[in-house]
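Peer 1: next input, structure requested:
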Amino acid sequence: MDTPSSPSLPDAAPASSSSLLSRLFNVFATPGDVFDEVKAGKSSTANWLVPVLLSCVVGVVFVCVAFSQPAIQQQMREQQDKQFEKMVEAGKMSSADAERARAGLEAMGMTIIKISGSVGAVLASFAWLFFMALVLWMLGTAPSPATTRTMVCVLSLLGLVLGWSLIKPLDLPWYLRLAFAALIGVVLGLILGLLIQRTKPFHGQFAYRQAVEMTGLATMINVLGGIVGMLLAVVMGSIMATPGPALFIGDFDTTNKTHLLLSSINVMTLWYVGILALALSRLSGVSFAKCALWFYGMWLILRLGIVYAGWAGSGM
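Peer 2: Numbers count the residues shown, from 1 in each chain. As a prediction, the model looks like this:
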């Protein structure tokens, strides 16, 4: 008599994958779950392409709307006049040169500024995405010799920004300032690169495409930040109005480093940096606190370098 065979168990159902629209919105509420799904799931170009395209659209709209405001146009003229006056007082420019520069800017008109600003917003959206994904990948994976060399190059560029800000106050020709800044950048890049290679703070194993996808999804924070910034610029009449301490500055001066530092404390930017730290934590398996320490530290160094190098007033 044949014994009855036991019924075969059904195959385990594959893990359900959420829709792209769900991932784009859930990154605001439950970013950890979204990143876990991206890490375990199949690669999808839409994860980074759609957010970066939305970022481009918001950037172009921001430029067109903000630079159409009479208050912002007047503020730009006043800030330009202040910068020219300081350069004339410092002997870096004659009064005649300052007048010619003013006339040249007036001749350009706001249309040229809007076009160049829109093109810059599109290029910056793509460049920033792949750059931050590169930082995420290099920092989160176990460093190989090739990765270490790339890391040293990236850190050297960041060191160049910091070095320029330190050397800029010295009364030296521009080529000597650039040479000293480059030297500081290379030394800093070598030290930090070797430190990361020796200590190996992160030891994840993930592909660069995963870093691109997670950075792309994190870009949704910047999309919301761009909308908030545009509304603040229209309401406050200032292109430098950001959701943070800068809202309490009555007369914002782009030549005042304290004002620029306060403008850097942007709630949306801090949120974005925290989301990137969470992405690194999910990819590498390291605690969020450690990832946040690294990312907020890099953000602080970069912002200090940009402000004290005199680039923040130009919108960087």
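Peer 1: can you report phi and psi for the residue lying closest to Val63 once chain neighbours are set aside?
Peer 2: Distance criterion CB to CB, 6 or more residues apart in numbering; nearest residue to Val63, sequence neighbours excluded, is Gly117 at 3.9 Å. All C-beta spots, glycine's among them, are computed from the backbone N, C-alpha and C. Torsion angles at Gly117 (phi, psi; degrees, to the nearest 10) stand at phi -70, psi -40.
Peer 1: just Phe67 next, same as before
Peer 2: Dihedral angles (degrees, to the nearest 10) for Phe67: phi -80, psi 0.
Peer 1: pull the number of nearby residues for it.
Peer 2: 18 (other CB atoms under 10 Å).
Peer 1: who's in contact with it?
Peer 2: Shown in contact with Phe67 (CB atoms under 8 Å, 6 or more residues apart in numbering): Gln73, Met110, Ile113, Lys114, Gly117, Ile239.
Peer 1: do you know how far it is from Gly226?
Peer 2: 14 Å (CB to CB, to the nearest Å).
Peer 1: quick one: low-confidence ranges for the stretch 51-200 of the chain?
Peer 2: 90-92, 105-109, 142-149, 151-152, 155, 158-159, 161-172, 174-175, 189, 192-200 (pLDDT under 70).
Peer 1: go with 80
Peer 2: Low-confidence segments of the stretch 51-200 of the chain (pLDDT under 80): 75-110, 138, 141-200.
Peer 1: residue boundaries of the strands in it?
Peer 2: Along the stretch 51-200 of the chain, no segments are classed as strands by DSSP state E, counting those that start in this stretch.
Peer 1: residues contacting Met230?
Peer 2: So Met230 contacts Val58, Val61, Phe62, Val65, Ala66 (CB under 8 Å, 6+ apart).
Peer 1: same check on Gly32?
Peer 2: Leu278, Arg282.
Peer 1: nearest residue to Asn47 in space, please, no chain neighbours.
Peer 2: Glu213 is the one closest to Asn47 (CB to CB, 6+ apart), at 4.0 Å.
Peer 1: give me the distance from stretch 23-43 to the chain's centre.
Peer 2: Distance of stretch 23-43 from its chain centroid, counting by CA atoms, centre = their mean, to the nearest Å, is 20 Å.
Peer 1: now it: buried residues?
Peer 2: For stretch 23-43, the neighbour count (16 or more other CB atoms under 10 Å) marks Arg23, Leu24, Asn26, Val27, Pro31, Val34, Phe35, Glu37, Val38 as buried.
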